[in-house]
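[1] build the 3D model from these lines:
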Amino acid sequence: HLVTPRLPSDRREFLNLGWRAATLGLAASFSPLPSSAQVSGFPNRPVQLVVPFPPGGVVDQTGRAIAQSLFKTWNQAVVINTKPGAGGAVGMATVANAPADGYTVLAAHPFINTLPESERQFGRTSAHDRSHFTPLSLIVADPLVLVVKADSPWKTYDDFVADAKRRPDTIAYSSSGAYSASHLPIEMLAHAANMKLRHISYSGGGPAILAVLGGHIGVTASSPSAVMAHIKSGALRPLVTTGVKRIAALPDVPSAVELGFKDAEFYIWIGLFAPAS
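    Purely as a prediction, here's the structure:
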């Protein structure tokens, strides 16, 4: 997992740390369930899958899809337990303090690395960190999509950047929490384009998207799966993505790297974790 020998010394370094945490924090490998779970007949009772964010975000959607797939494989219920709060820390605590028997699993994204780093950045001790969890599987890794309401004045990302530069610290964006997997990439986009946006933190990706749909916030970023239905319905307009290449499902939407913002590359992964044994 990511080893950080020292605290980042400036904003650019901290943003780069967020990128490394997002892309390197979870290896694309599968580890077996904890030893106590490796018994004949597992699972013989429902498995609890903890989602540490409110419904509607990428972790929630991915978690529910995985729960359905595991039910078909195991013929045993996988119960979604939504535990939002404190930027994911409440759900992390639930799993970190659970028995390492395979019956409590965490669906996580880069917050599992960035949350402890943000605490250390401000001289605070994080209650839980990556060492408290055993990685089980990488489920998905996608670039994010920066979206605005369909009736917004920004037709392209160039329009958005130009307006943000004319009105620094005026355009508000929503994220799933401070130093979360949507806060960091938007700040990376802002840094790469030399623009200043106003951050409004929400309790999760779902509420952050709803804030844009309701016209309360100008922009947000989320995974393709979390915003695609709103894009197809015409409610949201995608402006740019954070990968190197364009997303196949959004062939007309440029990537930030393609537009010359090479420091804005970011991918959100979703993985499964169990309590450390």
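
[2] give me every residue that touches the residue nearest the centre of the chain.
    Taking CA atoms, centre = their mean as the criterion, Ala181 is the residue nearest the geometric centre of the chain, at 3.7 Å. Neighbouring residues of Ala181 by CB atoms under 8 Å, 6 or more residues apart in numbering: 22, 109-111, 114, 144, 268. The C-beta positions use only the backbone N, C-alpha and C, and glycine is treated the same way.

[3] pLDDT check: weakest of the residues you listed?
    Per-residue confidence across the contacts of Ala181 is lowest for Ala22, with 35 (pLDDT).

[4] where's the residue nearest to the centre of the chain, which helix or strand?
    Using DSSP states H and E, Ala181 maps to neither a helix nor a strand.

[5] check it and give its pLDDT.
    85.

[6] same question, Ala107
    On pLDDT, Ala107 comes in at 95.

[7] ok, of the contacts of Ala181, which one's closest to Lys245?
    Nearest to Lys245 among these is Leu144, at 13.7 Å by CB to CB.

[8] now do the buried residues in the longest helix along the chain.
    In terms of residue count, the longest helix belonging to the chain (DSSP state H) is helix 58-74. Judged by neighbour count (16 or more other CB atoms under 10 Å), helix 58-74 contains these buried residues: 58-64, 66-67, 70.

[9] chain center to the next helix or strand along the chain from it: distance?
    Once the chain leaves helix 58-74, the next helix or strand it forms, by DSSP H and E, is strand 78-82. Centroid displacement of strand 78-82 relative to its chain, using CA atoms, centre = their mean, to the nearest Å, is 18 Å.

[10] state the mean pLDDT of the longest helix of the chain.
    On average, the pLDDT along helix 58-74 is 91.

[11] show residues contacting that helix.
    Counting by CB under 8 Å, 6+ apart, 43, 47, 49, 51-54, 76-80, 82, 107-109, 139-140, 204-206, 222-223, 225-226, 268, 270, 272 sit against helix 58-74.

[12] for stretch 145-154, same thing?
    In this structure, residues lying in contact with stretch 145-154 by CB under 8 Å, 6+ apart are 157, 159-160, 163, 186, 189, 209, 212-213, 215, 218-224, 227, 230-231, 234-242, 247, 250, 253.

[13] emit the PyMOL select command for whichever of these are buried.
    The PyMOL command for the buried members of the contacts of stretch 145-154 (criterion: 16+ other CB under 10 Å) is given here:
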select buried, resi 157+160+163+186+189+209+212+213+218+219+220+221+222+223+224+227+230+231+235+236+237+238+239+240+241+242+247+250+253
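
[14] in the chain, which helix or strand is least confident?
    Least confident helix or strand, the chain: helix 11-24 with a mean of 37, by mean pLDDT, DSSP states H and E.
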